[in-house]
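J.: heads up, no residue letters with this:
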């Protein structure tokens, strides 16, 4: 989260208190009941079932009361000493859904998956609850992530086979990753390909390094869509998927993504990060089906560059009102 963002009023419902929990990592495919019977052998099967039914267990931050909930390698199962409170489900902006994937238009300020500080309000939990409401025991799988303050196209797999196939060679199955970015100042070069080597310091902050052996190559291509004295709106296409690469590479040129004080000190006119994942094109290696999923330019982004029809109309009406209130006076002839 950006320090210059306003404090978000996060609901405490659905949160898991880390002081009263224990988390286990799954190392082989199994079910929730069988897994917990092994992890808490002092409890009888009846007691383990009671714990599950009492909503004291979550998988990936999502509570479940289904005994035969499927678990797979690298899943995280959290056992809470107290019931995990439910929260009111919010509408999910679904962009696309079929038997293998579901794509949503993730809002800015929403985590993709659970973190140490946030277990309740995440994109993963919202989509999980939606899928489970259609079929008990159904679940989703993480394929990729977007930063908390980045909005746009985010996909999840609906079965383990699809997740493994996509993640195995994500860089090759994805043919296009586009973003909208707003940077300041607005006097940026109209079009450019940025090629830099990126590394991380001890605090996990990414930076551009001139030493090739020390970093990983990041390639970012951008075009200016609109600009003014303060800001420029960019259409960005990344050929590599390095951590924070758009923010770091653009910042390295002296043009920082608005609302991002991690890699500079730009202004924050929209009270959010000026980065939106606009398009993701990829192929499912299992089915050979091609997907081209897009999310439109956010209205708030447009507001910095173009006036709406209503705003133009309002300005004309205001101008007409002023002219009627203060009519021009004709000079008297001498």
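T.: All right, it came through fine. Note that the structure is a prediction, hence the values are computed from the model and not measured. Residues are numbered from 1 along each chain as shown.

J.: tell me the secondary structure for the most centrally placed residue in the chain?
T.: Central residue of the chain (C-alpha atoms, centre = their mean): residue 146, 3.4 Å from the mean position. Classification of residue 146 using DSSP: H, G, I helix; E, B strand; the rest coil returns coil.

J.: Run the chain-centre distance for stretch 260-280.
T.: 12 Å (C-alpha atoms, centre = their mean, to the nearest Å).

J.: got the buried residues for that stretch?
T.: Neighbour-count burial for stretch 260-280, counted by 16 or more other C-beta atoms under 10 Å, picks out 260, 262-264, 266, 268-270, 272-280. Where C-beta positions appear, they are placed from N, C-alpha and C, glycine not excepted.

J.: Where does pLDDT dip in the stretch 201-334 of the chain?
T.: By pLDDT under 70, the weakly predicted segments of the stretch 201-334 of the chain are 308-313, 315-317, 326-334.

J.: Run through the strands of it in chain order.
T.: 206-209, 216-227, 232-238, 256-257, 275-283, 290-294 (DSSP state E, counting those that start in this stretch).

J.: Which secondary structure elements does the third one sit against?
T.: It refers to strand 232-238. strand 174-184, strand 216-227, helix 245-252 (3 or more C-beta pairs under 8 Å, 6 or more residues apart in numbering; DSSP states H and E).

J.: now these in JSON lines, with mean neighbour count?
T.: Listed next are those as JSON lines, based on neighbours: other C-beta atoms under 10 Å:
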{"stretch": "strand 174-184", "mean neighbour count": "21"}
{"stretch": "strand 216-227", "mean neighbour count": "17"}
{"stretch": "helix 245-252", "mean neighbour count": "23"}
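
J.: Save these as JSON lines, and put in distance to residue 81 too.
T.: Putting the helices and strands packed on strand 232-238 into JSON lines (distance: least, C-beta to C-beta, whole Å) gives the following:
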{"stretch": "strand 174-184", "distance to residue 81": "42"}
{"stretch": "strand 216-227", "distance to residue 81": "42"}
{"stretch": "helix 245-252", "distance to residue 81": "39"}
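
J.: Indicate which one of those is closest to residue 298.
T.: Closest to residue 298 of the helices and strands packed on strand 232-238, according to C-beta to C-beta: strand 174-184, at 7.6 Å.

J.: any weak-confidence spans in the stretch 1-150 of the chain?
T.: 1-19, 86-89, 115-120.

J.: Now with 80, please.
T.: 1-20, 85-91, 114-121 (pLDDT under 80).

J.: for it, what spans make up the helices?
T.: 32-39, 45-53, 123-134 (DSSP state H, counting those that start in this stretch).

J.: now residue 273: how far from residue 230?
T.: 17 Å (C-beta to C-beta, to the nearest Å).

J.: for residue 221, that is, sorry about that
T.: In terms of C-beta to C-beta, residue 221 sits 23 Å off from residue 230.

J.: Residue 155 too?
T.: Distance from residue 155 to residue 230, by C-beta to C-beta: 34 Å.

J.: who has more neighbours, those two?
T.: residue 155 (24 against 15; other C-beta atoms under 10 Å).

J.: and the helix or strand harbouring that one, average pLDDT?
T.: Assigned by DSSP states H and E, residue 155 belongs to strand 151-157. Strand 151-157 shows a mean pLDDT of 97.

J.: So which elements touch the helix or strand that that strand is followed by?
T.: Per DSSP H and E, the first helix or strand lying C-terminal to strand 151-157 is helix 160-168. If you count contacts as 3+ C-beta pairs under 8 Å, 6+ apart, helix 160-168 packs onto strand 141-142.

J.: Run the chain-centre distance for the strand it packs on.
T.: With C-alpha atoms, centre = their mean, you get 13 Å for strand 141-142.

J.: which other helices and strands contact that strand?
T.: strand 151-157, helix 160-168.

J.: any idea which of these is most buried?
T.: Mean neighbour count (mean count of other C-beta atoms under 10 Å) peaks for strand 151-157 among these, with a mean of 24.

J.: That strand vs strand 174-184, what angle?
T.: Going by axes from the mean of the first three to the mean of the last three C-alpha atoms, to 10 degrees, strand 151-157 is angled at 150 degrees with respect to strand 174-184.
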